[in-house]
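Asks: following is a predicted model, sequence given first.
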Amino acid sequence: MRKRGFFEQIRRRQYLIAGALVVIAAVGTTVLYSSGREEERQQMEAELAEEMNENNPDVAAVEETENAAQASAVIQPKKKRDTEEAEKTTDMLEMTEKMEETETDSAEGTEASETAGLPEESREDVAAEETAAQPEALHFSPEEGMLWPMEGDIILNFSMDSSIYFPTLDHYTTNPAVIIAGEVNSKVYSVAKGQVTKIEEQNAETGCTVTVDLGDGYQAVYGQLKELTFNEGDYVEAGHIIGYISEPTKYYDVEGSNLYFELLKDGVPIDPVDFFE
C-alpha cells in the first residue's frame, strides 16, 4: 500500500511538471510569435513607406517644405526685430554723420568767407596769426631747475625771514630777490621757458622790469633792464636774451649796476638760488 501511494504521488508530480512545461512552452511560443509579427509589421511599413516615396517623390518634398515653413514661422519674428533695430541704428548713424558734415561745412564756409576777399599772402598771414594766438602749455619743473640769468656775484641775498643791510638805503630790511652785480650792457638771459606777461618801463625801485610766467604758478621777475628784446605776450625759451643791464636806480647807487631777479610761487617770493643749476 505504501509503495502504491508513493508511486501515485510521483506520478502526480510528473503530471504537474509536464503541465507546467506545456504552459511555459505555450507562453514562449506566443511571445516569439508576437515578436516575429511585430518585426514583420515594422518591415512591411518600412517597405510600404519606401514604395510611397518612390512612387510620389513630391510628398517628401512637401513634408520637408512644410517643416521648413513652420521653422521659419517661428524664427521669423526675431529676424524681423533684428532687421528693424539694425535699420534704426543705421538711420541714426547716417543722421549724425550728416549733422557733423553740415557743421563742418558751415565752419569751413565761415572761415572761407572771412578770407575770401584777401590775397593768398594775406590769408597765410591770417593763418599764422591765428596759430600764434593759440596759448602754449607752460610747465616749470623745480627738479630740472633753471639757468642763471647772467654771470656775476650775488651782492644781496634773498631774505624774507630776517632783515639784511642795504648800503644805499643805509638800513636793514627784507629782500624778496637776489641782487646780482653786473656791468652796464651785460646780457640778461631767460632762466626758463615762459611768456612775457608784464613790462614796467619805469619802476621807481627796479627800473625797467619784466615779468615772465613760467607755468605751474611760477613767475620770474627781471629788474634794472634796458633794450628789451621781447614784448608783452611773447614766448621766450630758456637762454634767450631778455634785455641788457642798465644804470642802477637811486635805490642801488652804492651797490652799483646790477640785475634784480625775483622768483615767485603763487605770488609768494621764494629763494631763486635753490633752483639755479
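Replies: Yep, it's here. Keep in mind the model is a prediction, meaning the values are calculated, not measured. Numbers count the residues shown, from 1 in each chain.
Asks: end to end, how far does stretch 231-246 reach?
Replies: Distance between the two ends of stretch 231-246: 18 Å, counting by Cα to Cα, to the nearest Å.
Asks: can you name the residues in contact with that stretch?
Replies: With contact meaning Cβ atoms under 8 Å, 6 or more residues apart in numbering, stretch 231-246 is reached by 136, 146-147, 149-150, 182-199, 207-208, 210, 212, 222, 224-230, 257-259. In short, each C-beta sits where N, CA and C put it, glycine included.
Asks: now a ChimeraX select for only the buried ones of these.
Replies: Filtering the contacts of stretch 231-246 down to the buried ones (16 or more other Cβ atoms under 10 Å) takes a single ChimeraX command:
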select :146,149,150,182,186,188,189,190,191,192,193,194,195,196,207,208,210,212,222,224,225,228,230,257,258,259
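Asks: among the contacts of stretch 231-246, which are in strands?
Replies: Residues of those located in strands (DSSP state E): 187-189, 194-199, 207-208, 210, 212, 222, 224-226, 258-259.
Asks: which helix or strand in this structure has the lowest average pLDDT?
Replies: Ranked by mean pLDDT, DSSP states H and E, the weakest helix or strand in the chain is helix 120-133, scoring a mean of 54.
Asks: mind listing what Q202 touches?
Replies: Shown in contact with Q202 (Cβ under 8 Å, 6+ apart): C208.
Asks: that one should be in a helix, yeah?
Replies: No - Q202 is assigned strand when assessed by DSSP: H, G, I helix; E, B strand; the rest coil, not a helix.
Asks: T206 contacts Q224, correct?
Replies: Yes - with contacts counted by Cβ atoms under 8 Å, T206 reaches Q224, the gap being 5.9 Å.
Asks: okay, and the common contacts of those two?
Replies: Taking Cβ under 8 Å, 6+ apart as the contact definition, T206 and Q224 share the neighbouring residues 249, 260.
Asks: contacts only, for the closest residue to V184 other than its chain neighbours.
Replies: Counting by Cβ to Cβ, 6 or more residues apart in numbering, V184 lies nearest to S257, which is 4.9 Å off, once chain neighbours are set aside. Under the criterion of Cβ under 8 Å, 6+ apart, the contact list for S257 reads 181-184, 224, 245-248.
Asks: among the residues you listed, which lie within helices?
Replies: In helices, defined here by DSSP state H, there are no members of those.
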